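**Student:** Output the structure for:
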Amino acid sequence: ALDADMPVAVAARHGVAVYLPSAAEWAARFPVPFSPSVRAGFEAVAVLPMRLAGRTVGALAAAWRDARAFGLEERDLLEAVATQCAQALERARLLAAEHAAREAASRKQRQAEFLAEASRMLAASLDYEATLQAIARAAVPALSDWCAVDLLVAPRRPTPPGAPAADAPSPPDASSASPPAWPPPVVRVAVAHVDPAKLAWARDLERRAPQDWDAPGGLPRVLREGVTEFHPVVTPAMTEAAARTPEELALLREIGFSSFACVPLVARGQILGAITLCNTDSGRHFDDDDRALAEDLARRAASAIDNARLFRDAVAANRAKAEFLAVMSHELRTPLNAILGYAGLLEAGVAGPLDAPQREYVARGRDAARRLLGLVDDVLTFAKLEAGRVAVSVAPVETSALLDDVLPLVAPQAAAKGVALRVAPLEPPDAPPVRVVADRERAAQVLLNLLTNAVKFTPSGGVVTVRGRGVRRDGAVPDGGAVPNGRAVPP
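**Tutor:** Next comes the predicted model:
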């Protein structure tokens with residue numbers, strides 16, 4: 001110790017050389033019984049502080065079996081040697097510091113590259129189980145000797161420390177729900193080891209030493225409380241405390257854990273699972289940088305898992321919505337077709353002749369039913385699009401037929417607003433019928449939307465004119481579309 005009354009401590013503490021020409025002087029100045037120098041048969045001792053830039057970095061001691069006077073030249077030589085030793089120590093320290101800095105920078109770079117690659121793998125696929133297996137393999141041996149990933153079948157909220165696992169708080173809107181079961185269903189989706197031959201042994205280990213879900217630490221605590229279990233050094237006492245039976249203790253000793261870390265996978269306040277990292281064969285020990293890296297990896301993995309599950313749930317919800325819309329559309333078509341059928345029977349006079357007002361009422365009802373049927377068909381088409389089952393039937397169709405389909409549906413809206421609907425004749429008058437190659441149902445829908453908007457934006461008393469022209473050989477449409485009050489809508 002520096003505060004001891006010994007030659008080396010005095011030289012280092014005060015920064016001055018201590019010269020003891022003989023054992024007698026040693027005993028006089030430092031009356032310590034059984035001095036190592038005297039006991040070893042040495043007579044003279046010189047202790048010189050190693051100083052550099054005004055500070056003491058150590059002490060140099062030399063001993064002789066014969067008494068010495070320590071003349072001026074010898075003292076200068078010894079002090080020069082001490083100075084050289086101090087400089088050598090400083091160079092060694094600087095070199096070690098440089099190597100440590102380079103190693104730290106290299107390690108930081110490797111960690112950043114590992115996280116970047118892990119992020120790339122997590123973002124590359126929505127199959128998070130396969131991605132987690134790839135990440136576990138990448139973590140070995142870059143981060144640890146062993147890596148395992150466990151996922152909860154159903155995410156759970158963290159349990160406050162000390163509270164029973166089955167008493168985890170329930171969501172605010174489910175106060176009457178039963179408390180979550182413990183132990184929870186867990187699936188091990190990935191396990192990796194530096195020696196692939198040990199993977200089968202690891203799976204056998206799970207069978208021979210099943211998880212103790214009542215354990216106060218380890219994976220059970222991480223999945224209960226959502227906190228990190230971090231043990232940079234696994235001591236023999238910790239190994240003995242973790243074993244429940246002599247057989248388990250023998251297994252744990254055979255594995256030879258040197259470090260252990262288990263970090264939770266948490267997203268949006270829910271525990272999704274955990275990543276377990278262990279060092280065994282290499283004898284390495286985790287440090288705070290390893291802990292930060294593992295927790296960063298767990299955050300990214302949890303976010304990717306949560307996003308993948310949300311996407312999967314959204315796809316399932318869309319599929320259910322599409323199926324519901326398809327069923328609803330089919331159910332609505334049945335009564336609408338019945339309405340149209342009976343309206344046709346009334347117009348045909350099956351139930352007796354109709355006067356003009358009655359025919360007008362029946363026609364309006366029929367047109368309204370057709371319009372509603374068109375809306376139902378739109379819903380059905382949307383459902384088919386969502387489900388990826390939409391079918392398109394393309395064939396030549398005359399534009400006059402499309403107008404015959406659409407005009408009766410738009411006429412009630414135009415009449416109610418006081419807008420006249422007109423169809424301009426083809427130019428020249430003796431031109432052949434204009435045909436388009438399209439899906440008749442969808443082309444009619446496009447034309448219906450066009451005319452509906454034209455009526456909507458035409459003031460009362462205005463005129464909506466539908467004009468068509470043939471297509472030139474270069475494919476251009478020279479003039480055409482719906483013309484509300486003289487402003488042509490581009491075709």
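**Student:** Now do the strands in the stretch 101-250 of the chain.
**Tutor:** 146-156, 186-193, 229-231 (DSSP state E, counting those that start in this stretch).
**Student:** could I get the ones you listed as a markdown table with distance to residue 367 and mean pLDDT?
**Tutor:** Using the backbone N, CA and C atoms, a C-beta is placed for each residue, glycine as well. Below are these laid out as a markdown table (distance: least, Cβ to Cβ, whole Å; pLDDT from 0 to 100):
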| stretch | distance to residue 367 | mean pLDDT |
| --- | --- | --- |
| strand 146-156 | 54 | 93 |
| strand 186-193 | 59 | 91 |
| strand 229-231 | 73 | 95 |
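**Student:** So which of those is nearest residue 298?
**Tutor:** strand 146-156 (9.6 Å; Cβ to Cβ).
**Student:** Export only the CA atoms of that closest one, formatted as CSV.
**Tutor:** Output of strand 146-156 as CSV, limited to C-alpha atoms (Å, rounded to 0.1, in the frame of the first residue of the first chain):
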residue,chain,number,x,y,z
TRP,A,146,-26.0,-20.0,-28.0
CYS,A,147,-29.1,-18.1,-29.2
ALA,A,148,-32.7,-19.1,-28.8
VAL,A,149,-35.9,-17.2,-29.7
ASP,A,150,-39.2,-18.0,-27.9
LEU,A,151,-42.6,-16.5,-28.8
LEU,A,152,-45.7,-16.3,-26.7
VAL,A,153,-48.7,-17.8,-28.5
ALA,A,154,-50.7,-14.8,-27.2
PRO,A,155,-49.0,-11.6,-26.3
ARG,A,156,-49.4,-10.5,-22.6
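**Student:** Just checking: what are the partner strands of that strand?
**Tutor:** Sheet pairing of strand 146-156 (DSSP bridges) gives strand 186-193 (antiparallel), strand 270-279 (antiparallel).
**Student:** list the buried ones in the shortest one?
**Tutor:** Put plainly, it is strand 186-193. Neighbour-count burial for strand 186-193 flags 186, 189-193 (criterion: 16 or more other Cβ atoms under 10 Å).
**Student:** what do you get for stretch 85-97?
**Tutor:** By neighbour count on 16+ other Cβ under 10 Å, the buried set for stretch 85-97 is 85-86.
**Student:** Give me the contacts around it.
**Tutor:** With contacts defined as Cβ atoms under 8 Å, 6 or more residues apart in numbering, stretch 85-97 is touched by 50-52, 57-58, 60.
**Student:** Closest one of the residues you listed to residue 249?
**Tutor:** Looking across the contacts of stretch 85-97 and measuring by Cβ to Cβ, the closest to residue 249 is residue 58, at 45.9 Å.
**Student:** wouldn't the closest one be in contact with residue 12 here?
**Tutor:** Yes - Residue 58 lies in contact with residue 12 (Cβ atoms under 8 Å); the separation is 7.1 Å.
**Student:** And these two? Which one has more around it.
**Tutor:** Ranked by neighbour count (other Cβ atoms under 10 Å), residue 58 and residue 12 place residue 12 first, with 20 against 16.
**Student:** Residue 454 versus the closest residue to the more buried one other than its chain neighbours, what's the distance?
**Tutor:** Leaving aside its sequence neighbours, residue 12 sits nearest to residue 59 (Cβ to Cβ, 6 or more residues apart in numbering; 4.5 Å). Applying Cβ to Cβ, to the nearest Å, the value for residue 59 to residue 454 is 102 Å.
**Student:** how near is residue 462 to residue 125?
**Tutor:** Distance of residue 462 to residue 125, computed by Cβ to Cβ: 57 Å.
**Student:** Show me the helices in the chain, by range?
**Tutor:** Along the chain, the segments classed as helices by DSSP state H run 7-14, 23-29, 36-39, 72-124, 128-142, 198-208, 218-225, 236-242, 246-255, 288-347, 356-387, 399-417, 440-456.
**Student:** highest average neighbour count across the ones you listed?
**Tutor:** Neighbour counts (mean count of other Cβ atoms under 10 Å) averaged over each of the helices of the chain peak at helix 218-225, with a mean of 22.
**Student:** Quick one: low-confidence residue ranges for the protein.
**Tutor:** In the predicted model, the chain carries pLDDT under 70 at residues 32-39, 162, 164-180, 383-391, 426-431, 468-491.
**Student:** Need the max-distance pair from the contacts of stretch 85-97.
**Tutor:** Most distant of those, by Cβ to Cβ, are 52 and 60, 12.6 Å apart.
**Student:** Which one, of the helices of the chain, ends up nearest to residue 264?
**Tutor:** Closest of these to residue 264 is helix 218-225, at 5.0 Å (criterion: Cβ to Cβ).
**Student:** ok, and what's touching the closest one?
**Tutor:** With Cβ under 8 Å, 6+ apart as the test, helix 218-225 has contacts from 150, 152, 156, 158-161, 165, 168, 182-184, 186, 211-215, 227-229, 242, 260, 262-264, 271, 273-274, 276.
**Student:** Is it possible to mark the buried ones in these?
**Tutor:** Using 16+ other Cβ under 10 Å as the burial test, these include 150, 152, 156, 158-159, 165, 168, 182, 184, 186, 228-229, 242, 260, 262-264, 271, 273-274, 276 as buried.
**Student:** Report the set of residues contacting both of residue 58 and residue 12.
**Tutor:** With Cβ under 8 Å, 6+ apart as the test, residue 58 and residue 12 both reach residue 49.
**Student:** Would you check how far apart residue 30 and residue 44 are?
**Tutor:** Counting by Cβ to Cβ - residue 30 and residue 44 are separated by 14 Å.
**Student:** Return every residue with contacts to both of those two.
**Tutor:** Counting by Cβ under 8 Å, 6+ apart, the residues touching both residue 30 and residue 44 are residue 20.
**Student:** the more surrounded of these two?
**Tutor:** Counted by other Cβ under 10 Å, residue 30 and residue 44 do not tie: residue 44 has more neighbours, with 21 against 18.
**Student:** Return the set of residues that bridge with that one.
**Tutor:** Counting by DSSP bridges, residue 44 forms beta bridges with residue 64.
**Student:** For stretch 303-319, give me every contacting residue.
**Tutor:** Stretch 303-319 has contacts (Cβ under 8 Å, 6+ apart) with 122-123, 126-128, 131-132, 151, 265, 267-268, 270, 272-273, 386-387.
**Student:** correct me, but the residue nearest to residue 12 touches residue 46?
**Tutor:** No - counting by Cβ under 8 Å, residue 59 stays clear of residue 46, with 10.6 Å between them.
**Student:** one step back: roughly how far apart are the residue nearest to residue 12 and residue 448?
**Tutor:** Look at residue 59 and residue 448: by Cβ to Cβ, they are 101 Å apart.
**Student:** How about residue 343?
**Tutor:** Residue 343 sits at a distance of 20 Å from residue 448 (criterion: Cβ to Cβ).
**Student:** Residue 347 too?
**Tutor:** According to Cβ to Cβ, residue 347 stands 22 Å off from residue 448.
**Student:** Likewise for residue 44?
**Tutor:** Residue 44 sits at a distance of 116 Å from residue 448 (criterion: Cβ to Cβ).
**Student:** what's the neighbour count on the residue lying closest to residue 460 once chain neighbours are set aside?
**Tutor:** Closest residue to residue 460 apart from its sequence neighbours, by Cβ to Cβ, 6+ apart: residue 418 at 4.0 Å. Neighbourhood size, residue 418 [other Cβ under 10 Å]: 11.
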